[in-house]
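Enquirer: sequence and predicted structure, then a few things I'm wondering about:
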Protein chains: 2
Amino acid sequence: VSAPVADGRRVVSDLRELARLTGGPGGAGRVAWSDGWRRARQWLTEQLAELSCEVTTDPAGNLLADLPGEAGGFVMVGSHIDSVPAGGWLDGVLGVLSALEVLRAWAEASEPPPVGLRLVDWADEEGARYGRSLFGSSTATGLLDPMDYALLVDVDGVSFAEAASECGVDLATASGARRSLDGAHAYLELHIEQGPVLERTGRRVAVVTGTAGVRRRTLHLTGEAAHAGAAPMDMRRDPVLAAGRIVGAAADLAVERGGTATFGSIAAHPGIVTIVAERCDVVIDLRHPQIDALSGLVDEVDTAVANICNDAGVRAEFEPQWSIDPIPFDPRLIDLARAACTHAGLEPAVMASGALHDAAPVAELVPTVMLFTPSRRGISHSPTEDTDEADLIAGVKVLGALASSTLEWAARQQ
Amino acid sequence: VSAPVADGRRVVSDLRELARLTGGPGGAGRVAWSDGWRRARQWLTEQLAELSCEVTTDPAGNLLADLPGEAGGFVMVGSHIDSVPAGGWLDGVLGVLSALEVLRAWAEASEPPPVGLRLVDWADEEGARYGRSLFGSSTATGLLDPMDYALLVDVDGVSFAEAASECGVDLATASGARRSLDGAHAYLELHIEQGPVLERTGRRVAVVTGTAGVRRRTLHLTGEAAHAGAAPMDMRRDPVLAAGRIVGAAADLAVERGGTATFGSIAAHPGIVTIVAERCDVVIDLRHPQIDALSGLVDEVDTAVANICNDAGVRAEFEPQWSIDPIPFDPRLIDLARAACTHAGLEPAVMASGALHDAAPVAELVPTVMLFTPSRRGISHSPTEDTDEADLIAGVKVLGALASSTLEWAARQQ
């Protein structure tokens, strides 16, 4: 088989056209289940119609497009076309339109692919409207019961069940999407990094080894209110001081372990400048790509919290907010991805993803790997999200090469 | 002169009666310029009418009651009868009703006091309605221009000028209250501590050596927003982390210097748990009773802020909120106060006040000293504010003895 070459210039042109159709200077407007999202999918379906492939939508609203191969089963390539409100022109859609290009290249080739090739556009990756991400991919992998989403309401009081129903998705039968993975040999996803690492390395592409695990908890600290002037330091039980020491200690521990610690929200109560606060709440988000290191980091932070609060006379209570284990990608596909970079004349960065992607739930069932292209200044979820065209073209080229080698690898597995 | 004895039991009885008249289980209701405040002053005026003393209100609304002495001039004894909303039964009013008792004791005595004795009830110490404290005492000492208060409005849109006018105070002429200090030999004030120190020492009374200086500033920290997962620790500019380290460092420096550092308000923006914050604002209130130590503490905290922010890549900007220098009380009156304790059979604690009092501005012009009685669990500005009756009675006894020795000292000064 002489593998066809995916042409990144066509992808850039498609990205710009879709940005015109469903975005503008105010940013991308493709929130899942919205008119803009349906318009984007309509446009995608029109592009796919020009190829000789079958387009379907599964019971969870995932859009699938299949190009038959010489042997059975298929390699999936994709991402998500939905965006956050006022989003960027690349987040998600880069992977979908790159998959379109891979299909297009194979459709134009003289021979069919070694096994089938399936484009997938997962439904509602962002969770922008209902606050829960990865709906389509998690439903397809059976990791969530779609009925759990039925009663969620958006800011206008419209339920998830209603919004999905308007797009032809019946939550009662959505779990039938599990069949979308039947016959899948592998899943490949190209995405922007959404962070600053690649830009700093100067590499055009990264092979992603997996997604980091997350332990997010609100720490409620309770001390005792006191007069800012009349209470000496050694008689205070100051929860803001305890929070300050905890933030510093948790950051130091995260650095030592090679993970991250984020404190996006902190507040003192009653919040009066002449009163030592009675309570302080801080959200601590700990991440690490390795499960043992993540558990170790959580234990170390908990010990630091206990010691600091003991010294400060402050009571600490953790309220869990969200948790997911690290998900490693497939080592064989990681090797193929490295080789695809070399084949494209590129030296890749190799990194874990701190952000989640559809690839994370899919990787639980199907051999998976991801590629990243750089994000200028690490910015995403914003109209200013951007990547150099040369980097986008390089990313598509590597994805095309990786798809070809993965198709061959899948055929050998039969 | 055989000095009369001030009877604390009468003061406790007066305090309870005034609490019934202007308070209840919900706490004291004597906010300055309110009906409750005027009712309290009406009651006070009735008590003073039973003594042979002249009651006047000065142009700033300070209530004065004079008992003539053998020689000219007078010793002032007092505090403030106004309270915060839902306040306690002792804050301020203890000093006023103790002064009433001192006057009563001298009025009942066989001889007039060596110099005049003046009770003073300063107007609007708390600043509860308009957010500025010490109106009456600061106006009397000429430290503020009362016209600066004219346009302040309360939550209902009523101006300070209107509210004061309803109580007979014309701001345009209020500065005439400076004459209220003409002829003052000394100022004595008994107050509850509003902190936990005395209770811990087990002493019934403290001699107060002065009020602490305050440097209160909002620290605006600006970093860079970033994805909680995708931004590695060494590429972050996290203002919440900088704030945490600063809070810990400032508290350590305050402890080393024997001062205080309070962080009553802290907030991260945009406050989203999956995003490294872009900004963090924290109010830092530094206090110390000695000016050199206070300046040193401010310098050390500023150096720590600069170093921490430099390491963190965060920009720091201080916005001044409030500042006052430490005010030492009169060393001769401090000695008299210690002797009065000994005379009353009590070993006093000796301490600076972290909180401000009317005595602070007055001390700039008139030899001044304060006495504290303990606050149970350090609580004030609350209906649960309390002091053991035995401690109140001891405090009044010492105030009476101190008034007698100060009257004699003042007569010797002539």
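Expert: Yep, it's here. Residues are numbered from 1 along each chain as shown, chains lettered A, B, ... in the order given.
Enquirer: per-residue confidence at the most centrally placed residue in chain A?
Expert: What sits nearest the mean C-alpha location of chain A, by C-alpha atoms, centre = their mean, is residue A:357, with 2.4 Å. Looking at residue A:357, its pLDDT is 95.
Enquirer: ok, the residue nearest to it when sequence neighbours are not counted - contacts?
Expert: Once flanking residues are discounted, residue A:357 sits nearest to residue A:191: 5.9 Å by C-beta to C-beta, 6 or more residues apart in numbering or on different chains. In this view, the C-beta of every residue, glycine as well, is placed from N, C-alpha and C. Contacts for residue A:191 (C-beta atoms under 8 Å, 6 or more residues apart in numbering or on different chains) come out as A:79, A:91-92, A:94-95, A:357, A:370-373.
Enquirer: what parts of the stretch 301-414 of chain A come near chain B?
Expert: If contacts are counted using C-beta under 8 Å from any C-beta of the partner chain, the residues of the stretch 301-414 of chain A sitting beside chain B are A:321, A:353-356, A:375, A:378, A:380-381.
Enquirer: farthest pair within those?
Expert: Maximum pairwise distance among those (C-beta to C-beta): 25.7 Å, between A:321 and A:375.
Enquirer: more neighbours: these two, which one.
Expert: residue A:375 (26 against 14; other C-beta atoms under 10 Å in any protein chain shown).
Enquirer: surely the more buried one touches residue A:387?
Expert: Yes. Between residue A:375 and residue A:387 there is a contact under C-beta atoms under 8 Å: 6.3 Å.
Enquirer: need the residues touching each of those two.
Expert: Common neighbours of residue A:375 and residue A:387 (criterion: C-beta under 8 Å, 6+ apart): residue A:192.
Enquirer: now, the residues of the stretch 301-414 of chain A next to chain B that are in strands?
Expert: Within those, residues falling in strands by DSSP state E are A:321, A:353.
Enquirer: check the offset of whichever helix or strand residue A:299 is part of from the chain's centre.
Expert: Applying DSSP states H and E as the criterion places residue A:299 in helix A:291-312. Helix A:291-312 has its C-alpha centroid displaced from the chain centroid by 27 Å (C-alpha atoms, centre = their mean, to the nearest Å).
Enquirer: for whichever residue of the stretch 251-400 of chain A sits closest to chain B, which non-adjacent residue is closest in space?
Expert: Nearest residue of the stretch 251-400 of chain A to chain B (C-beta to the nearest C-beta) works out as residue A:354 at 3.0 Å. Leaving out its chain neighbours, the residue that sits closest to residue A:354 by C-beta to C-beta, 6+ apart is residue B:229, at 3.0 Å.
Enquirer: give me every residue that touches that neighbour.
Expert: Per C-beta under 8 Å, 6+ apart, neighbours of residue B:229: A:195, A:212, A:214, A:260, A:287, A:353-356, B:274.
Enquirer: gap between the two ends of stretch A:206-224?
Expert: End-to-end distance for stretch A:206-224, by C-alpha to C-alpha, to the nearest Å: 50 Å.
Enquirer: now swap in stretch A:372-391 and tell me
Expert: End-to-end distance (C-alpha to C-alpha), stretch A:372-391: 10 Å.
Enquirer: name the SS class of residue A:283, please.
Expert: The three-state assignment at residue A:283 reads strand, by DSSP: H, G, I helix; E, B strand; the rest coil.
Enquirer: I figured it hits residue A:214, correct?
Expert: No. Taking contacts as C-beta under 8 Å, residue A:283 lies outside contact range of residue A:214: 12.0 Å.
Enquirer: look up how far residue A:354 lies from the one residue in the stretch 51-200 of chain A that gets nearest to chain B.
Expert: Per C-beta to the nearest C-beta, residue A:195 is where the stretch 51-200 of chain A lies closest to chain B, at 2.8 Å. Residue A:195 sits 7 Å away from residue A:354, going by C-beta to C-beta, to the nearest Å.
Enquirer: who touches both of these two?
Expert: Shared contacts of residue A:195 and residue A:354, counting by C-beta under 8 Å, 6+ apart, come down to B:227, B:229-232.
Enquirer: quick one: which of those sit in strands?
Expert: Here DSSP E is the test, and those give residue B:227 as lying in strands.
Enquirer: which one of the shared contacts of residue A:195 and residue A:354 is nearest residue A:243?
Expert: Scanning the shared contacts of residue A:195 and residue A:354 for proximity to residue A:243, where the rule is C-beta to C-beta, the winner is residue B:231, at 21.4 Å.
Enquirer: okay, the closest one: pLDDT?
Expert: On the pLDDT scale, residue B:231 gets 91.
Enquirer: tell me how many other residues crowd the nearest residue in space to it that is not next to it in sequence.
Expert: Nearest-residue entry for residue B:231: residue A:195, 5.3 Å, with adjacent residues in sequence omitted and distances by C-beta to C-beta, 6+ apart. Residues lying near residue A:195 (other C-beta under 10 Å) number 25.
Enquirer: my read is that residue A:195 contacts residue A:352, right?
Expert: No. Here residue A:195 lies out of contact with residue A:352, judged by C-beta under 8 Å, at a distance of 10.8 Å.
Enquirer: re earlier: show me the contacts for the residue of the stretch 251-400 of chain A closest to chain B.
Expert: Residues in contact with residue A:354 (C-beta under 8 Å, 6+ apart) are A:195, A:211-212, A:260, A:287, A:289, B:227-232.
Enquirer: just to revisit the earlier point, can you give me phi and psi for the residue nearest to the centre of chain A?
Expert: phi -150, psi 170 (degrees, to the nearest 10).
Enquirer: residues touching it, list them.
Expert: Going by C-beta under 8 Å, 6+ apart, residue A:357 touches A:79, A:125, A:189, A:191, A:211, A:370.
Enquirer: most neighbours, which of these?
Expert: residue A:189 leads those on contacts (other C-beta under 10 Å) with 32 neighbours.
Enquirer: quick check on it: phi, psi?
Expert: For residue A:189, the backbone dihedrals (degrees, to the nearest 10) come out as phi -140, psi 130.
Enquirer: right, and it touches residue A:79 too?
Expert: Yes. Assessed by C-beta under 8 Å, residue A:189 is found in contact with residue A:79 at 5.2 Å.
Enquirer: show me whatever sits in contact with both of these two.
Expert: Shared contacts of residue A:189 and residue A:79 (C-beta under 8 Å, 6+ apart): A:95, A:357-358.
Enquirer: three-state assignment of residue A:148?
Expert: From three-state DSSP, the assignment for residue A:148 is helix.
Enquirer: elements contacting the longest helix seen in chain A?
Expert: Determined from DSSP state H, the single longest helix within chain A is helix A:389-413. On a contact count with 3 or more C-beta pairs under 8 Å, 6 or more residues apart in numbering or on different chains; DSSP states H and E, helix A:389-413 meets helix A:8-22, strand A:71-79, helix A:93-108, strand A:115-121, strand A:184-192, helix A:331-343, strand A:368-373.
Enquirer: now it: mean pLDDT?
Expert: pLDDT averaged over helix A:389-413 gives 97.
Enquirer: quick one, it and strand A:368-373 angle?
Expert: Here helix A:389-413 points in a direction 160 degrees away from that of strand A:368-373 (axes from the mean of the first three to the mean of the last three C-alpha atoms, to 10 degrees).
Enquirer: chain center to helix A:389-413, what's the gap?
Expert: Remark: helix A:389-413 is offset 20 Å from the chain centroid, using C-alpha atoms, centre = their mean.
Enquirer: give the buried residues for it.
Expert: Buried residues in helix A:389-413, counted by 16 or more other C-beta atoms under 10 Å in any protein chain shown: A:391-411.
Enquirer: equivalent analysis for stretch A:71-84, please.
Expert: Buried residues in stretch A:71-84, defined by neighbour count with 16+ other C-beta under 10 Å: A:71, A:73-84.
Enquirer: mind checking how far the residue lying farthest from the centre of chain A is from residue B:193?
Expert: Distance to the chain centre peaks in chain A at residue A:230, reaching 50.5 Å (criterion: C-alpha atoms, centre = their mean). For residue A:230, the distance to residue B:193 equals 6 Å [C-beta to C-beta].
Enquirer: great, nothing more from me.
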